[in-house]
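> sharing a model prediction with you, sequence too.
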Amino acid sequence: MKTLLGKKIGMTQIFTEEGAVVPVTVIEAGPEYVTQIKTAETDGYDAVQVGYEEQKPQRVNKPLTGHFEKSGVSTKKHLAEFRVEDGETYEIGQEITVADFEEGSKIDVTGITKGKGTQGNIKRHGHRRGPMGHGSKHKRLAGGLAAGTYPSRVFKGNDGPGRMGRDTVTVQNLVLVKVIADRNLMLVKGAVPGKKGGLLKIRYAVKGQDK
């Protein structure tokens, strides 16, 4: 299951041959390089580790510097791994690019959503507000959370104010509309999680892939 790391560039639109408008997200993905191959005999599971985006050598600590030198790959900013059934199909230093993905296929895109800081229960959970009259004391408050005498506490799991956003989200079965290999770009139909410049993981869809 190939996984490609990339950055979200933004959204635009393209036109089909029939003249229909297709909203797409532009993703700059790869190239990434295989830095380690893990096997069940040595690590307990089969996986491939990849590095993405160039990083200045002075910004990488000594253990990671030695790790990159051993694999023969220049220092990278991001390291990630993905499970495989047979790691022998990969080689140390192998390059993985957008050209390894087929146009028209379905993919899953994972990213971190925009952080919105601490928010109230209305914005965070969509609760209704209280009366807006002059004497109302519950215009945007959470309201009653539990009985006072019994149980005399608030049960865990109640929806309330708190940190909102910055969650890892995967959008499944997005259509890969176009691949521009010479510019390392992928055009994906629809929206993907995260802000512009955010790190994304792209892989073939786990569910719904046409056989």
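Thanks, I have it.
> buried residues in the worst-scoring helix or strand of the chain on mean pLDDT?
Ranked by mean pLDDT, DSSP states H and E, the weakest helix or strand in the chain is helix 40-43, scoring a mean of 89. Neighbour-count burial for helix 40-43, counted by 16 or more other CB atoms under 10 Å, picks out no residue. Every C-beta, even on glycine, is put in place using the N, C-alpha and C of the backbone.
> which outside residues touch that helix?
Asp46 (CB atoms under 8 Å, 6 or more residues apart in numbering).
> can you name the next helix or strand after it?
Beyond helix 40-43 on the C-terminal side, the first helix or strand identified by DSSP states H and E is strand 47-54.
> so where's the chain uncertain?
1, 86-88, 208-211 (pLDDT under 70).
> for Gly144, see how far away the residue located most distally from the centre of it is.
Distance from the C-alpha centroid of the chain peaks at Gly135, with 46.2 Å (CA atoms, centre = their mean). For Gly135, the distance to Gly144 equals 18 Å [CB to CB, to the nearest Å].
> check Ile9 too.
47 Å.
> next one: the residue farthest from the centre of the chain from Gly120, what distance?
21 Å.
> do the same with Pro161
With CB to CB as the criterion, Pro161 and Gly120 are 5 Å apart.
> please apply the same query to Ile92.
On the measure of CB to CB, Ile92 and Gly120 end up 51 Å apart.
> got the contact list for Asp182?
Neighbours of Asp182 in contact, by CB under 8 Å, 6+ apart: none.
> just say helix, strand or coil for it.
The three-state assignment at Asp182 reads helix, by DSSP: H, G, I helix; E, B strand; the rest coil.
> residues in contact with stretch 185-199?
5-11, 14, 22-29, 78, 98, 101, 107, 109-114, 169-171, 174-180, 200, 202.
> redo that, cut-off 7 Å
Contact with stretch 185-199 is made by 5, 7-11, 14, 22-29, 78, 98, 101, 107, 109, 111-114, 169, 171, 174-179, 200, 202, as judged by CB atoms under 7 Å, 6 or more residues apart in numbering.
> buried stuff in that stretch?
Along stretch 185-199, these residues count as buried under the neighbour rule (16+ other CB under 10 Å): 185-188, 192-194, 199.
> that stretch: how far from the chain's middle?
9 Å (CA atoms, centre = their mean, to the nearest Å).
> export it as PDB, just CAs?
Output of stretch 185-199 as PDB, limited to C-alpha atoms (Å, rounded to 0.1, in the frame of the first residue of the first chain):
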ATOM      1  CA  LEU A 185       1.400  17.800  -8.400                       C
ATOM      2  CA  MET A 186      -1.800  15.800  -7.800                       C
ATOM      3  CA  LEU A 187      -5.300  17.300  -8.500                       C
ATOM      4  CA  VAL A 188      -7.900  15.600  -6.200                       C
ATOM      5  CA  LYS A 189     -11.600  16.100  -6.500                       C
ATOM      6  CA  GLY A 190     -13.100  17.800  -3.400                       C
ATOM      7  CA  ALA A 191     -11.600  19.200  -0.200                       C
ATOM      8  CA  VAL A 192      -8.900  17.700   2.000                       C
ATOM      9  CA  PRO A 193      -8.200  18.400   5.700                       C
ATOM     10  CA  GLY A 194      -5.800  21.000   6.900                       C
ATOM     11  CA  LYS A 195      -4.500  24.500   6.100                       C
ATOM     12  CA  LYS A 196      -2.500  25.500   3.100                       C
ATOM     13  CA  GLY A 197       1.000  24.100   3.400                       C
ATOM     14  CA  GLY A 198      -0.100  21.400   5.800                       C
ATOM     15  CA  LEU A 199       1.400  18.000   5.700                       C
END
